[in-house]
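In: structure of the sequence below:
(chains A and B, ligands or ions: 4)
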Amino acid sequence: MSKTITIDGKKIPFSEGQTIMEAATEAGVYIPHLCHNPDYEPHGSCKLCTVSVNGRNCTACTFPAMDGQEVISESRELEHDRQRITQMLFVEGNHFCPGCEKTGNCQLQAVAYHLNMLDNHFPHFFADREVDASHPDILIDHNRCIFCTLCVRASREKDGKNVFAISGRGINKHLIVNSASGKLGDSDIDVNDCAAHICPTGAILIKRQGYRIPIGQRIYDHKEINEVALEQEREGHGG
Amino acid sequence: MKQFLDQVLESAERQSTRLMQILRAVQDEYHYIPEQAIDYLAEQLNIARTQIISVAEFYSFFHLQPQGHYEILISDSITDLMLGKANIMAYLSKALRVEVGAVREDGIVSLNNTSCTGMCDQGPAGLVNGYAITKLDRPKIDRMAELIDNQVPLADWPAEFFQVDDNIRKPGLLLQQEIDQGAGLRQAFARGLQETLAEIDKSGLRGRGGAGFNTAMKWRFCAEEQSDRHYVVCNADEGEPGTFKDRVLLNSYADQVFEGMTLCAAIIGAEQGYLYLRGEYRHLEQQLRDLLQQRREAGLLGDNILGQGLNFDIEICMGAGAYICGEESALIESLEGKRGIPRNRPPYPVSHGYLNKPTVVNNVETFMAAAAISANGGDWFKGAGTEKSAGSKILSISGDCALPGIYEYPFGTTIAQILHDCGAVDVLGVQIGGPSGTFISKHELERKLAFEDLATGGSFIILNNSRNLFAMVKNFTHFFAHESCGFCTPCRVGTSLLKNQLDKVLDGHGSAGDVVALEELCQLVKNYSHCGLGQTAANPILTTLQRYPDLYQNQLKEISYEPGFDLDAALETARRMAHRDDAAAHLTQVED
Ligand SMILES: Cc1cc2nc3c(=O)[nH]c(=O)nc-3n(C[C@H](O)[C@H](O)[C@H](O)COP(=O)(O)O)c2cc1C
Ligand code: SF4
Ligand code: SF4
Ligand code: FES
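Out: Ligands and ions are numbered 1, 2, ... in the order given. I've put the predicted structure just below:
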């Protein structure tokens, strides 16, 4: 093990072909992320994992680790700006955490806790988004979609189905469903599909499961997302 | 419909990479992409219907809802606005009896805005069913309304409506001496391909699309990639508002551009090239296809070019209204029949480009210059310009000047000289490099055209002292919000927040904190966006805020905080219900 990078002054070994995120996770260093999941091809769109690499901003989830890299992740500036990017996600959609079935289990909310986000900072867009409850077992509340594309990737790569896609451009970007009516109920998604369970927010929910685990006893009610993420993802990275 | 679609599919060889071409044909025929067409195409191309929908919803010129048989789009570039676009639009709307953004009830005509059409030297301009229409004025509009009401086919409209002028005002190194057809290639074969690459290296040629990457180095990197296929792509997307020089080069110097592409193919070992032409330049499409055919017949394209064993051909791929497709990796995605989303990098196109094969993407002017360098030698080019910026630059000049059009200067020329030549007087400042570039004030006119000072893809928009700087900043900021591809959070949400925040300040609802917030937001969008679009989207605000902080301050209210709503008025219902109107039932908005 000869090649290393440093993250915030800490020397970290990596193997050829690893991204900065992979090397960091394996070494037990958490870099905030939302669109990244170690089981899927990196996407690089949420920009939460932005780190400074030799003085230039790069997304840790897509950028290859290279010998001798100086990576800064926990600077005041980066942490502040990550909070702002998270706030952007909150004002873009309609997120009412207390009324959401996913509260306490939601990665978006947990990242916001982690970044000490206390308000939304930006004016809201109050986007007009719909709920699709047409499927017997699965529900999509578009108000909470952050376009991480994990459902798109999961359906395509793991389920072999291609149920979801991203459409539109700019602020009109939206998630669409691959069925003649555009409704989830007419698609071939099944409640056991990976795509039905991967959503980091409360956008895709399984019906008749809400509150099975009471609020207060959920994942992020007790643990910070950095702990949880490292626990779950170190294995994914082969650590 | 099936018969028509089969025909379209046949001409696209049933390849999903040609989805842009297929959808353009469908849009032309039905004036939208009908539901049944989506189903049939998805089935025949063996792709998900969502891919077709998402492509249709990405590009401005595709529609899922019916448009008029005459689809009219008017350019919303700042230069068109300066030439009276707002009046023209209002008049058009009245003459055609259709609201902006709507389809007339009889379905005959629809009217809307579009981003810059690249006719800034002959606006106000627009597009009718994709064909450029220039110098719009009231008599022309009256005629148009008549033609439309009588449903006269576009082919029978007066030709002068569609006349697009080159307006070459000052030719220099490249424009003055066009090379003879084949001269660049013949020289290259006589000299040797490696030696020709060395000449290009020696010439110091850097990319003319804006970023200025060393051209010889790009070609060498690509040539060194081991692969069964290499590709050459000419970036003719030219979406930067105020830029139109590539349009002129493709109208009058296309032979030399194709020659440059062929030269590149010989050097990197490519057999296939693409010219990605922006949809707005549809009027050039047929003449370019004819020229390609003529080059094939002359032995300069196709199999065994000039008897040297080189096989290479060029295909034209038309865009459909998306500024982001000028970004090279987004352009490649679009070429593959997808939405124009910039890829993650690394890897770069030179190793993983079109279909993940090594690909050179260069600007139109870059290929044109490369062909001339092969014919005339590296020293010829190096002789002009400055140390770090060799050769000349072709500029698109528009806005407040006597002679808008195309100018070519050696690098190192001062902005003052250029303004003098084009007849600009009483100058307030110049927007250099389009909205993504820099606004320089009248106090900086001694600055130089060069990569080491003012780098530019070629757009100069001149404002005189009668202009409102904010009209421009607003136009540009709205442009970026409209053209953001939406892939990454800071640009997707950030450009829209910028637009709203700027409007708040410009509309007089801002207070001191709002300018601070505006600036903070600018930095965020700039520092965290995925690609050049987001990274430069805040430039119009940042460069003007830096030079004219007072102008922004004057827009502000005196108080330190301006609430977004009226607190006291909001209590009105409560007061009515409580039958109260005493002093304690009122709230003051802000502490005095
Ligand atoms: C948003 C955006 C738009 C761009 N538009 C163009 C364009 O219209 N034409 C162009 O040649 N380059 C454009 N570029 C630059 C290209 O990505 C690329 O650098 C260029 O085509 C390389 O060619 P060159 O080396 O000859 O300059 C754009 C870049 C960005 C980020
Ligand atoms: S629905 Fe969930 S998983 Fe899918 S893109 Fe939206 S936030 Fe991501
Ligand atoms: S910066 Fe803007 S245009 Fe570029 S990838 Fe991000 S959203 Fe798309
Ligand atoms: S986690 Fe890296 S960009 Fe989203």
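In: got the buried residues for the helix or strand bottoming out on mean pLDDT in chain A?
Out: Least confident helix or strand, chain A: helix A:225-236 with a mean of 89, by mean pLDDT, DSSP states H and E. Within helix A:225-236, the residues scored as buried using 16 or more other CB atoms under 10 Å in any protein chain shown are A:225-226, A:228-230, A:233. In short, each C-beta sits where N, CA and C put it, glycine included.
In: now tabulate those residues in CSV and tack on distance to ligand 3.
Out: Below are the buried residues of helix A:225-236 laid out as CSV (distance: CB to the nearest ligand atom, whole Å):
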residue, distance to ligand 3
A:Ile225, 24
A:Asn226, 26
A:Val228, 28
A:Ala229, 24
A:Leu230, 28
A:Glu233, 25
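In: from the residues you listed, pick the one nearest B:Gly399.
Out: B:Gly399 lies nearest to A:Ile225 out of the buried residues of helix A:225-236, by CB to CB, at 51.2 Å.
In: not counting sequence-adjacent ones, nearest residue to the closest one?
Out: Distances taken as CB to CB, 6 or more residues apart in numbering or on different chains put A:Ala110 closest to A:Ile225, at 3.8 Å, once the chain neighbours are dropped.
In: for that neighbour, give me phi and psi.
Out: With angles defined as degrees, to the nearest 10, A:Ala110 sits at phi -70, psi -40.
In: the least confident helix or strand of chain A and ligand 4 in contact?
Out: No - if you take CB under 6 Å from any ligand atom as the test, helix A:225-236 misses ligand 4, and the best it gets is 10.8 Å.
In: what sits up against the particular helix or strand that has B:Lys140 in it?
Out: Secondary structure assignment for B:Lys140, by DSSP states H and E: helix B:138-149. Here helix B:138-149 makes contact (CB atoms under 8 Å, 6 or more residues apart in numbering or on different chains) with B:70, B:88, B:91-92, B:95-96, B:108-109, B:128, B:133, B:157-158, B:161.
In: quick revisit: quick one, what contacts the residue nearest to A:Ile225?
Out: A:Ala110 touches A:219-220, A:224-225, A:228, counting by CB under 8 Å, 6+ apart.
In: model confidence at it, what's the number?
Out: The model reports A:Ala110 with a pLDDT of 98.
In: and the gap between it and ligand 1?
Out: For A:Ala110, the distance to ligand 1 equals 34 Å [CB to the nearest ligand atom, to the nearest Å].
In: biggest helix in chain A by residues?
Out: As assigned by DSSP state H, the longest helix anywhere in chain A is helix A:76-92.
In: tell me the mean pLDDT for it?
Out: Per-residue scores along helix A:76-92 average to 98.
In: return the distance of it from the chain's centre.
Out: 14 Å (CA atoms, centre = their mean, to the nearest Å).
In: which elements pack onto the strand or helix carrying B:Ser398?
Out: Taking DSSP H and E as the criterion, B:Ser398 maps to strand B:392-399. On a contact count with 3 or more CB pairs under 8 Å, 6 or more residues apart in numbering or on different chains; DSSP states H and E, strand B:392-399 meets helix B:78-82, helix B:173-176, helix B:245-252, strand B:405-410, strand B:459-464.
In: okay, buried residues for the second one please.
Out: Of all the residues in helix B:173-176, those buried under the rule 16+ other CB under 10 Å are B:173-175.
In: stretch B:334-342 now?
Out: Taking 16+ other CB under 10 Å as the criterion, stretch B:334-342 shows B:334-335, B:337-342 as buried.
In: output it as PDB, restricted to C-alpha atoms.
Out: The C-alpha trace of stretch B:334-342 is given here as PDB (Å, rounded to 0.1, in the frame of the first residue of the first chain):
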ATOM      1  CA  SER B 334     -26.700  15.100 -27.700                       C
ATOM      2  CA  LEU B 335     -24.900  13.500 -30.700                       C
ATOM      3  CA  GLU B 336     -25.700  10.100 -29.000                       C
ATOM      4  CA  GLY B 337     -29.400  11.000 -29.100                       C
ATOM      5  CA  LYS B 338     -29.700  12.000 -25.400                       C
ATOM      6  CA  ARG B 339     -30.400  15.100 -23.300                       C
ATOM      7  CA  GLY B 340     -27.400  17.500 -23.300                       C
ATOM      8  CA  ILE B 341     -26.100  16.900 -19.800                       C
ATOM      9  CA  PRO B 342     -22.400  17.600 -19.300                       C
END
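In: and the contacts of that stretch?
Out: Here stretch B:334-342 has contacts from A:166, A:169, B:15-20, B:51, B:54-55, B:58-59, B:233, B:274, B:276, B:317, B:319, B:322, B:324-325, B:327, B:329-331, B:333, B:354-355, B:485, B:487, B:530-531, B:533, using CB under 8 Å, 6+ apart.
In: among those residues, name the ones in helices.
Out: Using DSSP H, the subset of those located in helices is B:19-20, B:51, B:54-55, B:58, B:329-331, B:333, B:533.
In: stretch A:67-85 close to ligand 3?
Out: No - using CB under 6 Å from any ligand atom, stretch A:67-85 stays clear of ligand 3, coming no nearer than 12.0 Å.
In: and that stretch, how far apart are its ends?
Out: Length of stretch A:67-85, first residue to last, CA to CA, to the nearest Å: 29 Å.
In: what does stretch B:167-176 rub up against?
Out: Outside stretch B:167-176, the residues touching it (CB under 8 Å, 6+ apart) are B:121-122, B:248, B:252-253, B:365, B:368-369, B:372, B:381, B:384, B:391-392, B:394, B:397, B:403-410, B:421-422.
In: can we see that at 6 Å?
Out: B:121, B:372, B:384, B:392, B:403, B:405-408 (CB atoms under 6 Å, 6 or more residues apart in numbering or on different chains).
In: could I get the CA-only coordinates of that stretch as CSV?
Out: C-alpha atoms of stretch B:167-176 as CSV (Å, rounded to 0.1, in the frame of the first residue of the first chain):
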residue,chain,number,x,y,z
ASN,B,167,-21.4,41.5,-42.9
ILE,B,168,-17.7,40.9,-43.0
ARG,B,169,-16.3,44.3,-42.2
LYS,B,170,-12.6,43.7,-41.6
PRO,B,171,-11.0,40.5,-42.9
GLY,B,172,-7.6,39.6,-41.5
LEU,B,173,-5.1,36.7,-41.5
LEU,B,174,-7.7,33.9,-42.1
LEU,B,175,-10.6,35.6,-43.8
GLN,B,176,-8.3,37.4,-46.4
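In: that one - what's its average pLDDT?
Out: Here the average pLDDT along stretch B:167-176 is 98.
In: that stretch and ligand 1 in contact?
Out: No - taking CB under 6 Å from any ligand atom as the criterion, stretch B:167-176 and ligand 1 are apart, separated by no less than 13.9 Å.
In: what sits against the residue most central in space within chain A?
Out: In chain A, the centroid-proximal residue (CA atoms, centre = their mean) is A:Leu34; its distance is 2.1 Å. Residues in contact with A:Leu34 (CB under 6 Å, 6+ apart) are A:46, A:48, A:148, A:200.
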